[in-house]
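In: Sequence plus the predicted model coming up.
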Amino acid sequence: LVGKLSQMGSRHLMYTGLLLAGAGVLESEAHYVTDRRAPYAYCCQTARASVDYKFCNNSLSIDERVEDLVQRIGWDDAGPQLTARESVSIPELGLSSYYWGTNAANVITNIDCLQTGQCVTGFPAPSGLGAIWNFSLIEEMGKVFATELRAFVNAGAHNGLNVWGPTINVHRDPRWGRNFETSSEDPLLLAEYAKAFTSGIQNGEDSRYIKAVVTLKHWIAYSLESYGNYTRHNFDAQVSAFDMADTYMPAWEAAVREAGAMGVMCSYNSVNGVPTCGNPKLAAILREDWGFKGYMTSDSDSCQDIYQNHNFASNGSLATAACLEGGTDINSGNTYTGYLHDAISNHFLQEETARNALRNAYRVRMRLGLFDPHVASPYREIPPSAVGHPAHHELSKMAARKSMVLLKNDRNTLPFAIGRRVAVIGGAADQVEALLGNNAGPICPDGKLTCFPSLFEQVKAINAGGLTRMHADVNDTEAAVRLVEWSDMVILVAADPAGHEGHDRTRVTLDQFQTRLCHTVLKSASGKPVALILINGGPLSIDDLIDSSPAILEAFTPGPHGARAIAETLFGANNPGGKLPITIYPKDYIDKVDFFNMSMTTSVGRSYRYYTGKPLFKFGFGLSYTNFSMEWGSGTSKPSQFGEGLPRNVSVRITNNGTVEGDEVVQVYMRPISVSMQTRAPLPLSRLIGFKRVLLTPGTSKEISFTIGEYQLSLVNSNGDRNVYPGVYEIEVSRGHGKVLQDQIKIDGKYPKTLARFRRFW
């Protein structure tokens, strides 16, 4: 993929330029960095630093250096040093200030464009990125974030390399205001997303240092902003051991165990009576069970919530003690700065607990190389021109194109022909903001969003030789009808800005004005080609629009290049291949399920794994402009052909039978038919255990293999333990629609077998 920014090899040499594939950025002579001052994010910059301070001597181990530094920090300084978003400098020790809280869900925020005009690269929101079902692209996006952040630091325009992201809370309910920040309702998709994002951010060309630090958020069972009488600051999520192990924790464990995530953000809420930032047993799962070696920060002063909203402590000093004892190394806010010294003085907090927090914080900064200002590294040579580089924008365009999900295409309404009279109708037709959602970021030099086109502008550009007109007033339905009558084809844009951080959705439908406009346009356009475009963070329930819409394209929140991706898809330059990473429920779903109930099996159930109703569009669904077929692969390909042992291989052959190139996602599901469980628990109706996205030219085929092992067939019992049970399991291989391949696996012999014991933390 595009976006690789360094081809330096293993030599510890530096380049004043970058070698970018096809980017035209010149490579200059290599040289050592020995005599120039490092950017202000670096510590130990004086000539005698390594002599005066052991923590500046890079010939010592990191642990030795960290310990020397920690012993030099007095209790007056400890609170400010453990404070985000920015820890203050200590000039007498040569310590720089450090900015911990650079948000990056789909774009780097909390910074400005460089004075030389370069601005960060924005991507589609995670709700759309999850629809790609190919997370190598997410890893490349992470590399872009890390590279651009390093460029800001090198330019002296920023002093932090920690990224607060990704959000890996499960898409639990369509009302949650931050559904746009998370990639799926499915634990496996979330886990793969988290691992890819983490690897992209942290791993780079210099194995001695982490390139940047990921911060997984929000730990844990967080999916409520402000609804009814509760806010995220006072909500106590009641979660069973089963739901915690089955749904809420898997992505976190994968990111920490498998990808080595170095940062975690605890959440505002409590879980089962204890604030997440002040629960030592919960922190022990991270560090003792999963081997977490990084730092943990609070969300924006969720340590303050411990005494002001949860009433778990009676004052700020006791809340500080609870937060630090709960493993929260950094407090984003003023609580540690204001109360840590007092907590130590009054013996509410043991000194060693505070020192452990300092160790974790400084270790992260040292692993970034920020205490080695005179050591050459490829990261030090990333120039300002890397920020917003054309190669990065090409990656963003690719992500937007691959996130498009075609939900309906009756009588091949799409793609449209170029050169006709096209009406673009809808309030978001000329709004770039609608494509960016709540995390726009500093993507344009003027601080506005005028450097990227609206959907109308992009359709007009691509409809060469034709006429394109727009109507954006949702209240003027008469003018909309006149434009429909003039047109040969209609693009109807429906956007839902409801829901954001701090605010949940009270409806999951379009507002009344857009609903009326859509009905009016669809009725007046009867017989004409019409494409309904959905732009949204959380899912939209469009029960009353499905039948009357000839074509429906789900674009989610597609980012700065979203207008181009939508237009290219509508006119056939991009063949949509995305699949829904969520279930789109009927509008009455929210009347049947209690938003405050964290159970995945309550009422009619949550997510495709437990929902017993009929969705508007099911998880994994997505159409294409070409036709695919699928069959079992050659030789021993069915899982039932392998006897009763595990693991087993599944092989399928996917063929493009159409006339255009296209992507297809092959999905493998498990469904327990009859199992022998000692401790009963809900069984999933279906569970994703594998997937692969493949690109095929017309007339070509590809054989794809999946391995089904013990974890893929494991189930969680009511105690939260993950076990493999003897029994019969159905294996389904699907494309999200059309023909489904089915077979069964029967296992016996050495089972049941426990794969993991759940540690109860309440």
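Out: Arrived safely.

In: in the longest strand anywhere in the chain, what counts as buried?
Out: Longest strand of the chain, by residue count under DSSP state E: strand 662-675. In terms of neighbour count (16 or more other Cβ atoms under 10 Å), strand 662-675 has its buried residues at 662-672, 675. Any C-beta I mention is one placed from the backbone N, CA and C, and that applies to glycine too.

In: just stretch 39-59 next, same as before
Out: For stretch 39-59, a neighbour-count test (16+ other Cβ under 10 Å) marks 39, 41-45, 49-50, 53-58 as buried.

In: Reformat the residues you listed as JSON lines; add pLDDT and secondary structure.
Out: Below are the buried residues of stretch 39-59 laid out as JSON lines (pLDDT from 0 to 100; DSSP: H, G, I helix; E, B strand; the rest coil):
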{"residue": "Pro39", "pLDDT": "84", "secondary structure": "coil"}
{"residue": "Ala41", "pLDDT": "95", "secondary structure": "coil"}
{"residue": "Tyr42", "pLDDT": "97", "secondary structure": "coil"}
{"residue": "Cys43", "pLDDT": "97", "secondary structure": "coil"}
{"residue": "Cys44", "pLDDT": "97", "secondary structure": "coil"}
{"residue": "Gln45", "pLDDT": "94", "secondary structure": "coil"}
{"residue": "Ala49", "pLDDT": "93", "secondary structure": "helix"}
{"residue": "Ser50", "pLDDT": "91", "secondary structure": "helix"}
{"residue": "Tyr53", "pLDDT": "97", "secondary structure": "coil"}
{"residue": "Lys54", "pLDDT": "97", "secondary structure": "helix"}
{"residue": "Phe55", "pLDDT": "98", "secondary structure": "helix"}
{"residue": "Cys56", "pLDDT": "98", "secondary structure": "helix"}
{"residue": "Asn57", "pLDDT": "97", "secondary structure": "coil"}
{"residue": "Asn58", "pLDDT": "96", "secondary structure": "coil"}
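
In: Export the longest strand of the chain to CSV, keeping only CA atoms.
Out: Listed in CSV are the C-alpha atoms of strand 662-675, where the atom choice follows Å, rounded to 0.1, in the frame of the first residue of the first chain:
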residue,chain,number,x,y,z
GLY,A,662,-14.8,-6.4,-7.7
ASP,A,663,-14.1,-7.2,-4.1
GLU,A,664,-15.9,-9.9,-2.2
VAL,A,665,-15.7,-10.7,1.5
VAL,A,666,-15.9,-14.4,2.4
GLN,A,667,-17.2,-14.9,5.9
VAL,A,668,-17.1,-18.0,8.1
TYR,A,669,-19.6,-18.4,11.0
MET,A,670,-20.0,-21.0,13.7
ARG,A,671,-23.4,-22.0,15.2
PRO,A,672,-23.6,-24.4,18.1
ILE,A,673,-26.3,-27.0,17.4
SER,A,674,-26.0,-29.3,20.4
VAL,A,675,-23.4,-28.9,23.0
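
In: Quickly run through the sheet partners of it, with directions.
Out: Sheet pairing of strand 662-675 (DSSP bridges) gives strand 687-696 (antiparallel), strand 727-734 (antiparallel).

In: Which residues does the last one contact?
Out: This means strand 727-734. The contact list for strand 727-734 (Cβ atoms under 8 Å, 6 or more residues apart in numbering) reads 620, 630, 639, 650, 652, 666-676, 686, 708, 713, 740-747.

In: Also the first one?
Out: Identification of contacts with strand 687-696 by Cβ under 8 Å, 6+ apart yields 132-134, 186, 188-189, 577, 609, 620, 628, 650, 654-656, 661-671, 702, 704, 706-708, 712-713.

In: next SSE after that strand?
Out: Later in the chain than strand 687-696, the nearest helix or strand by DSSP states H and E is strand 701-708.

In: Between strand 662-675 and that following strand, find me the angle.
Out: Here the directions of strand 701-708 and strand 662-675 differ by 30 degrees (axes from the mean of the first three to the mean of the last three Cα atoms, to 10 degrees).

In: How about stretch 732-746, which residues are buried there?
Out: 733-736, 741, 743, 745.

In: How about stretch 98-110?
Out: Within stretch 98-110, the residues scored as buried using 16+ other Cβ under 10 Å are 98-109.

In: So which of those residues is the closest to Gln350?
Out: For those, the minimum distance to Gln350 (Cβ to Cβ) is 23.9 Å, reached by Trp100.

In: quick one, what contacts that closest one?
Out: Trp100 sits next to 84-87, 160, 162, 164, 297, 330, 332 when contact means Cβ under 8 Å, 6+ apart.

In: Show me the buried residues of stretch 98-110 that map onto helices.
Out: Among the buried residues of stretch 98-110, no member falls in helices (DSSP state H).

In: what's the farthest-apart pair in these?
Out: Across these, no pair lies farther apart than Tyr98 and Asn106, at 24.1 Å, counting by Cβ to Cβ.

In: Next, Tyr379: secondary structure please.
Out: Three-state call for Tyr379 (DSSP: H, G, I helix; E, B strand; the rest coil): helix.
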